[in-house]
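*Asks:* Provided below are the primary sequence and the corresponding predicted coordinates.
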Amino acid sequence: MTPGWSLDGIGAGAARWPGATAVAARTAWEGRVGMGEAIIGRRGVLRAGAGIGAAAALGVLGAPSASALPVYTAYYNGVSIEYVWSGAPLSRSIVFVHGGCHGSWCWGPYMQYLAACGWNCYSLNWFNHGGSLDQASSVFAARSIAAVTHEIRQTVLFCGSPAPLLVGHSMGALAAQRYAGQYSVRGLALICPVAPQEVGNAYVPIPVDPAVPWGPPPFADAQQMFFGGFTLASAQAYYARLEPESARAVLEATGRAGVSVSSLAVRARAPRITVIAAQNDTLTPPSVTAAVAAYYQCQYVQLSGQSHDGPLIGPNWTLGAQSLWAFAETT
């Protein structure tokens, strides 16, 4: 998306420009600056361009300060997209893809961090997540992770960069791999990635009825799967934001089905690739993530003491953000 559009009737949160349906400007920094831990936070309406510039001040441990850049929300061809415009050239654009049961909200800390470093950041929501198009329950339950390439494509078209840096987490990382096998990207960053069927995923013995959407799981299970090492308060806050997931996608991520991705096709379209893994991840353990890196013959970074969601929103999320920033600047 190019700059130059304007907000009309900002009190109602409305905005228009060619190619987008509606935009609401709002702050979305979700963090405790002093402790470096991302938690659910305040949101308020701002004028376009009212935020600080690309040299935004960073607080303790690199967390964005209270003067965060505004976050905008757009609805484009059925896809709800949150984005932070840093004013950088379109070539410095990042598209973030969330994982199962999550939404664009999980990229809030990264979007502020990377925007402060001069990147335009866009975080999409899969269908049936975060305000994107809701498909019928039976259709959604049968939807493959591979189908999320549609939402990625719409977000790329919206952002205006033909080949952005593509970043995916968990199931979203598998969707990102699939996308990069079809379209060129500036680089590909896979955080705690679900593996393609050529590599294989760890078997996770959770019950799944393929006829209906799955989850969210009970809090105790979600805490073990996603939020290991989080404070109880932050785990509960994030748990409240989880949404049901496609049963098919869950089967693909837990070793009972698969999505094929050609390593040759991905490497031909993604000039640089990195895998950022979490040492204590029980969903995509190091044995799987290291195998994904070997499959693409790419860089591999393992973050000590981190759980599945730790690199994104855990107490030490800045370690993941710094790893991603270092990679981004080499693309």
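*Replies:* Structure received.
*Asks:* Pull the contacting residues for the nearest residue to Gly99 once chain neighbours are set aside.
*Replies:* In this structure, Gly99 finds its nearest non-sequential neighbour in Ser170, 2.8 Å apart by CB to CB, 6 or more residues apart in numbering. Yep, even glycine has a C-beta here, placed from its N, CA and C like the rest. Contact partners of Ser170, counting by CB atoms under 8 Å, 6 or more residues apart in numbering, are 98-100, 102, 191-194, 253, 283-284, 308.
*Asks:* Which residue ranges of the stretch 51-200 of the chain form strands?
*Replies:* 70-76, 79-84, 93-97, 120-124, 165-169, 187-191 (DSSP state E, counting those that start in this stretch).
*Asks:* do the same with the stretch 201-331 of the chain
*Replies:* Counting by DSSP E, counting those that start in this stretch, the strands of the stretch 201-331 of the chain are 273-278, 299-303.
*Asks:* so of those, which one's packed in deepest?
*Replies:* strand 273-278 (a mean of 26; mean count of other CB atoms under 10 Å).
*Asks:* what is the rounded mean pLDDT of that strand?
*Replies:* Mean pLDDT, strand 273-278: 98.
*Asks:* so what secondary structure elements neighbour it?
*Replies:* strand 187-191, helix 286-296, strand 299-303, helix 310-313, helix 317-328 (3 or more CB pairs under 8 Å, 6 or more residues apart in numbering; DSSP states H and E).
*Asks:* Tell me which of these is the most buried.
*Replies:* strand 187-191 (a mean of 28).
*Asks:* if we can go back for a sec, tell me which of the strands of the stretch 201-331 of the chain lies nearest to Val199.
*Replies:* strand 273-278 (11.1 Å; CB to CB).
*Asks:* can I get the contacts of Ser170 in TSV with pLDDT?
*Replies:* Shown next, in TSV, are these (pLDDT from 0 to 100):
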residue	pLDDT
His98	98
Gly99	98
Gly100	98
His102	98
Ile191	99
Cys192	98
Pro193	98
Val194	98
Ala253	98
Leu283	97
Thr284	98
His308	98
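*Asks:* Can I get those in a markdown table including distance to Glu243?
*Replies:* A markdown table is the format used below for the contacts of Ser170 (distance: CB to CB, whole Å):
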| residue | distance to Glu243 |
| --- | --- |
| His98 | 10 |
| Gly99 | 11 |
| Gly100 | 9 |
| His102 | 8 |
| Ile191 | 19 |
| Cys192 | 19 |
| Pro193 | 20 |
| Val194 | 17 |
| Ala253 | 15 |
| Leu283 | 17 |
| Thr284 | 20 |
| His308 | 16 |
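*Asks:* So which of these sit within helices?
*Replies:* In helices, judged by DSSP state H, the following of the contacts of Ser170 are found: Ala253.
*Asks:* Can you tell me which of the contacts of Ser170 are buried?
*Replies:* 98-100, 102, 191-194, 253, 283-284, 308 (16 or more other CB atoms under 10 Å).
*Asks:* Good, we can wrap up now.
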